[in-house]
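Participant: requesting a structural model of the entry that follows:
(chains A, B and C)
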Amino acid sequence: MSDTPCPSTGGHPSEIAAAAAQLLGSLRAAPPLTHCITNAVVTGFTANVLLALGAAPAMVDIVDEAGVFAGAASGLLINLGTPVPEQRAASLEAAAGACAAGTPWVLDPVAIGALPVRTRLAGELVALRPTAIRGNASEILALAGFGAGGRGVDATDTPDAAADAARALAGRWGSTVAVSGEVDLITDGRRVVRIANGDPLLTRVTGGGCALGAVMAAFLGAARDSAFDVLTAVAAATLVYTVAAEHAATRAQGPGSFAVELLDALDAIGPDDILAAARVEQVEL
Amino acid sequence: MSDTPCPSTGGHPSEIAAAAAQLLGSLRAAPPLTHCITNAVVTGFTANVLLALGAAPAMVDIVDEAGVFAGAASGLLINLGTPVPEQRAASLEAAAGACAAGTPWVLDPVAIGALPVRTRLAGELVALRPTAIRGNASEILALAGFGAGGRGVDATDTPDAAADAARALAGRWGSTVAVSGEVDLITDGRRVVRIANGDPLLTRVTGGGCALGAVMAAFLGAARDSAFDVLTAVAAATLVYTVAAEHAATRAQGPGSFAVELLDALDAIGPDDILAAARVEQVEL
Amino acid sequence: MSDTPCPSTGGHPSEIAAAAAQLLGSLRAAPPLTHCITNAVVTGFTANVLLALGAAPAMVDIVDEAGVFAGAASGLLINLGTPVPEQRAASLEAAAGACAAGTPWVLDPVAIGALPVRTRLAGELVALRPTAIRGNASEILALAGFGAGGRGVDATDTPDAAADAARALAGRWGSTVAVSGEVDLITDGRRVVRIANGDPLLTRVTGGGCALGAVMAAFLGAARDSAFDVLTAVAAATLVYTVAAEHAATRAQGPGSFAVELLDALDAIGPDDILAAARVEQVEL
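Facilitator: Numbers count the residues shown, from 1 in each chain, chains lettered A, B, ... in the order given. Below you'll find the model as predicted:
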């Protein structure tokens, strides 16, 4: 990660930072009820990330509750990290409930490609047209049918290597697609935003990526009654989260203290921090 | 939270603090085996809270083990935060095992009211007469049939708003009822204890409330062979936990470090800390 | 734990330390994909321990994925802490997949003896001849049929009290057996290694023992293409983990900060730290 901003080759990167600052304020003023169906490994950390940020998490992942709750929530995350049968059924129920109610929702297709059960489930879910899709490059390549996926939760490709796959997914399902990596890439098929904030320590803590999907769901919830579109809300979530990670990294001694400092930083971060640190570029395709 | 003690309008508040100090010593001298059936989000944090305090946690939540284990444990918590089918069956088995063996048990009806599956389960469990019931005001109102419950795990009402519901529950099922909030309210239907200790950071960490239910189960276990009654044990648990939270808050930089400091404080806290910080009032009804 | 090395009564303890230092370097140079099927309480902490150390964790615990993944992984842990039905089936599938592919795997029979479901499952799994078995003394006694097991996850016996049981298990199933305690005991039935490193705070954090099983799976993965045998890899994992715990304990204020410092220490620890701190003895039987 360089110390200088990305060259701004088009679009309005400063508008993303301004939107992120404004949406962060909206989120704290009216905490979005953020419904998470996520994996057992990161569920506690994800709830803590949302609480630290100022959102209201609710981990409702059982059949006959997930659908009704998705309809009432401000935003929904479906993360496929540990998709036990109950959660698979609850995910489909929740996605349907979100679609029916207009609740924005995020799909995180963790480790698809090599693992058959979640790969099939991701195919069913993506056909329900998630508002946003978040993954590493390997997962986005696999979801778009461009590759076989990674060996687990690690990206083995860079976000730019998945740019075509991300655009194809966005075009096919009408989703905004976010590819995590050293420079995050976000596209709605028409525009591409690149965000160069963050810190490698995010890859040394379990849930470093998964929790970002929940933050996206929270920002989509906060943006529902605003003028900001989905691409902007997803980019804003990424920017706030990765700038907080930079603050945390300056205080951390290693991955253990980084996770603690990240929560403190998400709590402490303010609009001016976002505006001062943003390294964003936006390109029209 | 004020800096001065609650006015003592009746009863014997100093007896609660003295009992808490004594029970804390008993707990550490003979760690109660504390059986927890709790939600996936907070299960690790809950075990760590019990270990830090000096209790012996055991998270046994499967069918054909939960019942026998509840009979052998010193205390049991049943928390309905993520009630997958296996856990629902194990909860009923454990409650029956606890009742048969005389093991004191705590019911935490997380987010009932709006969510149908757990609401039905809470109705079945409360009819088995839990030793104690812990929840926020919305949950206690819903369990007593006084309201529809909150939108999730947040209390949308104050504990005093649930005082009548708490008394009604206590009267109907013979349970001691604890309502968490800025001032915690605990009643057995005849007496009301209010505890003004704690810190708002407890609401910014997932499991801040859920872990208190486990601490109550541990204190009920420690009190089994003592002269202290259920109301006193539940109040003692609340007092020790919320005083530790105050210690932690003075050292924390935000919600991430608060969770770490809370565990360190639960380990370090001693009888004198409890006696010095208690803000308790007790009223006979 | 004494400040002086164990008396070296035979064998080549310094070789264990040298092997640990070398395997730690191998692990970081080529992070072993470490497949964990573990309990819900510690799954996040376990993944963070592996990430901090430098390994690549993957928590794949569902039917129709666990078997294929075990075949592709470098090492596998099966921990029976919360064995829900889906995980029981996935565990058997994974063990079969590991055996077929030659993936080394570790069995951690948490709390067997008193609890019937996991005791039966442990019996089925051990018959598949795990590469290594890790437990406290009570669990090893129970698995060998020498006792009824503990009351939960606490060891109620010392490792040396389980030495005969460990040797019997090793002889019967061809497994290396590691018994955790103040002085860890590791045997392949022919040799016994004792490691006196560690800190009592490891017993005050949930997952302190469970995560060691995952570290063993990672070291077995790192050792696959080396000249080091299973006993050496298991001892190396124990040594690295317990020396890191000693570093963490010097910086911790209590169990909460200890868990954070342990992750930072696992990240920071280097070969020289291992060589300087090792307190190992090895005996030929």
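Participant: how about the residues of chain A by chain B?
Facilitator: A:33, A:40, A:43-44, A:47-48, A:51-52, A:56-65, A:68-69, A:72, A:84, A:86, A:259-265, A:267-268 (C-beta under 8 Å from any C-beta of the partner chain). Quick note: C-beta positions are derived from backbone N, CA and C, even for glycine.
Participant: who's in contact with the residue nearest in space to the middle of chain A?
Facilitator: With distances taken as C-alpha atoms, centre = their mean, the residue of chain A nearest its centroid is A:Gly213 (2.8 Å). With contact taken as C-beta atoms under 8 Å, 6 or more residues apart in numbering or on different chains, A:Gly213 is in contact with A:Thr38, A:Leu77, A:Asn79, A:Val106, A:Asp108, A:Arg134.
Participant: can you lay out those as JSON lines showing pLDDT, secondary structure and neighbour count?
Facilitator: Shown next, in JSON lines, are these (pLDDT from 0 to 100; DSSP: H, G, I helix; E, B strand; the rest coil; neighbours: other C-beta atoms under 10 Å in any protein chain shown):
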{"residue": "A:Thr38", "pLDDT": "98", "secondary structure": "coil", "neighbour count": "29"}
{"residue": "A:Leu77", "pLDDT": "98", "secondary structure": "strand", "neighbour count": "32"}
{"residue": "A:Asn79", "pLDDT": "98", "secondary structure": "strand", "neighbour count": "31"}
{"residue": "A:Val106", "pLDDT": "99", "secondary structure": "strand", "neighbour count": "31"}
{"residue": "A:Asp108", "pLDDT": "98", "secondary structure": "strand", "neighbour count": "30"}
{"residue": "A:Arg134", "pLDDT": "98", "secondary structure": "strand", "neighbour count": "33"}
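Participant: pLDDT below threshold where in chain A?
Facilitator: A:1-13, A:147-156 (pLDDT under 70).
Participant: A:Asp264 against B:Ala259, yeah?
Facilitator: No - under the criterion of C-beta atoms under 8 Å, A:Asp264 makes no contact with B:Ala259, lying 10.2 Å away.
Participant: which of the two has more neighbours?
Facilitator: Using other C-beta atoms under 10 Å in any protein chain shown as the criterion, A:Asp264 and B:Ala259 rank with B:Ala259 on top: 28 against 21.
Participant: quick check: that one touching B:Phe45?
Facilitator: Yes - taking C-beta under 8 Å as the definition, B:Ala259 is a contact partner of B:Phe45 at 7.1 Å.
Participant: overlap in contacts, the two.
Facilitator: Shared contacts of B:Ala259 and B:Phe45 (C-beta under 8 Å, 6+ apart): B:Val205.
Participant: what is the longest helix seen in chain A packed up against?
Facilitator: If you go by DSSP state H, chain A has its longest helix at helix A:230-251. The contact analysis (3 or more C-beta pairs under 8 Å, 6 or more residues apart in numbering or on different chains; DSSP states H and E) places helix A:230-251 against helix A:13-29, strand A:132-136, strand A:176-180, strand A:184-187, strand A:191-195, helix A:210-222, helix A:255-268, helix A:271-277.
Participant: buried residues in stretch A:104-113?
Facilitator: A:Pro104, A:Trp105, A:Val106, A:Leu107, A:Asp108, A:Pro109, A:Val110, A:Ala111, A:Ile112, A:Gly113 (16 or more other C-beta atoms under 10 Å in any protein chain shown).
Participant: same check on stretch A:174-188?
Facilitator: A:175-181, A:183-188.
Participant: pull the contacting residues for the closest residue to A:Ile37 other than its chain neighbours.
Facilitator: Nearest non-adjacent residue to A:Ile37, counting by C-beta to C-beta, 6 or more residues apart in numbering or on different chains: A:Asp61, 4.4 Å away. The contact partners of A:Asp61, by C-beta under 8 Å, 6+ apart, come to A:Cys36, A:Ile37, A:Thr38, A:Glu86, A:Gln87, A:Ala90, A:Ser91, B:Thr82, B:Val84.
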